[in-house]
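Undergrad: Need a 3D model of the following:
(chains A, B and C)
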Amino acid sequence: MNYSLKTLNFFDKVYYVVRLIPKGRVTTYGAIATYLGAPKSSRMVGWAMNASHKLLDVPAHRVVNRKGILTGKFHFESVFAMQHLLEDEGVAIIDDKVVQFNMLFWDPNMELDTVLL
DNA sequence: TGATTGACTATGA
DNA sequence: TTCATAGCCAATC
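TA: Numbering: from 1, shown residues only, chains lettered A, B, ... in the order given. Predicted coordinates:
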């Protein structure tokens, strides 16, 4: 396993950043990956989310793809769980897409000054 | 060890 | 906006 504390840190950082997402806001896999210094590893963020199933603290529902589509909903308990969680936080969802995604988008690169690396 | 996979993204049509 | 394709990189098998 190791080979890389870096890799492990990557996952941990993903969880850390995701937990920082304010309620009622959303971000993207790419934004998180970029913030972690690996803009090309957006898929790894998704992979981390997949592993985050065990971690109840990770609000994976606040992470969508760059179009604002809830592509990860199928990985939740039900395909409506993700949408419902977001709506409960005040995020409107229509046709699996975040309404006014551009406004609700929370970019860690812009909002956070802390450097985790 | 090597090939496949995936909650993605950028680009071009 | 949507569709298809290519590139990405770590985890899985």
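
Undergrad: Tell me which residues touch the residue lying closest to A:Val99 once chain neighbours are set aside, please.
TA: Spatially, and ignoring its direct neighbours in sequence, A:Val99 is nearest to A:Ala92 (3.9 Å; CB to CB, 6 or more residues apart in numbering). For the C-beta atoms, the positions are set from N, CA and C on the backbone; glycine is no exception. A:Ala92 sits next to A:98-100 when contact means CB atoms under 8 Å, 6 or more residues apart in numbering.

Undergrad: Any of these buried? List them.
TA: A:Val98 (16 or more other CB atoms under 10 Å).

Undergrad: The contacts of A:Ala92 in helices, which ones?
TA: Nothing among the contacts of A:Ala92 maps onto helices, per DSSP state H.

Undergrad: Can I get the contacts of A:Ala92 in CSV including distance to A:Trp47 and pLDDT?
TA: Below are those laid out as CSV (distance: CB to CB, whole Å; pLDDT from 0 to 100):
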residue, distance to A:Trp47, pLDDT
A:Val98, 22, 94
A:Val99, 28, 92
A:Gln100, 28, 91
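
Undergrad: mind checking how far the residue nearest to A:Val99 is from A:Met49?
TA: 22 Å (CB to CB, to the nearest Å).

Undergrad: again with A:Gly68
TA: Counting by CB to CB - A:Gly68 and A:Met49 are separated by 16 Å.

Undergrad: Check A:Asp12 too.
TA: 13 Å.

Undergrad: Those two - which one has more neighbours?
TA: In terms of neighbours (other CB atoms under 10 Å), A:Met49 is the more surrounded of A:Asp12 and A:Met49; the figures are 22 against 13.
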